[in-house]
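S.K.: model the following, please.
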Amino acid sequence: MESIKLERIENDHKITRETDGKFLYEYQKAVLLALVELNRLTEMQYRYAEEKLRQQYFNDLKRQSAHLSNRT
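M.R.: Here you go, the predicted structure:
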């Protein structure tokens, strides 16, 4: 088996819901899908968690949008 090593990190920064909401949403969704594939979550549990995650993401977007419009 060939070993894999990290050569460099580009654009290194702290990831937050405010700065990287879309990335976090997609990452968390991928984790949920992996849990389904490993039979750690049922389809029903996945759908429930994914819907909660989607609601959280869109609520964050609304909150950020309102915050930005209050600044102008």
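S.K.: now do Ser69 against Tyr48, distance only.
M.R.: Per C-beta to C-beta, to the nearest Å, Ser69 is found 32 Å from Tyr48. Every C-beta, even on glycine, is put in place using the N, C-alpha and C of the backbone.
S.K.: ok, now His67?
M.R.: For His67 relative to Tyr48 (C-beta to C-beta), the value is 29 Å.
S.K.: and these two? which has more neighbours close in?
M.R.: The neighbour comparison of His67 against Tyr48 (other C-beta atoms under 10 Å) goes to Tyr48, with 13 against 10.
S.K.: any idea which helix or strand carries the more buried one?
M.R.: Assessed by DSSP states H and E, Tyr48 sits inside helix 43-71.
S.K.: mean confidence for that helix?
M.R.: The pLDDT scores in helix 43-71 average 91.
S.K.: got it, and stretch 25-34?
M.R.: Mean predicted confidence for stretch 25-34 is 97.
S.K.: what does that stretch contact?
M.R.: By C-beta atoms under 8 Å, 6 or more residues apart in numbering, the residues outside stretch 25-34 that reach it are Leu41, Tyr46, Ala49, Glu50, Leu53, Arg54, Tyr57.
S.K.: mind listing residues that contact stretch 36-54?
M.R.: When contacts are defined by C-beta under 8 Å, 6+ apart, stretch 36-54 is touched by residues Tyr25, Gln28, Lys29, Leu32, Leu33, Leu35.
S.K.: in helices, which of the residues you listed fall?
M.R.: Of the contacts of stretch 36-54, the ones assigned to helices by DSSP state H are Tyr25, Gln28, Lys29, Leu32, Leu33, Leu35.
S.K.: any chance of the residues you listed in a markdown table, with neighbour count and distance to Glu10 too?
M.R.: Shown next, in a markdown table, are the ones in helices among the contacts of stretch 36-54 (neighbours: other C-beta atoms under 10 Å; distance: C-beta to C-beta, whole Å):
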| residue | neighbour count | distance to Glu10 |
| --- | --- | --- |
| Tyr25 | 19 | 21 |
| Gln28 | 15 | 22 |
| Lys29 | 16 | 23 |
| Leu32 | 19 | 27 |
| Leu33 | 13 | 26 |
| Leu35 | 15 | 29 |
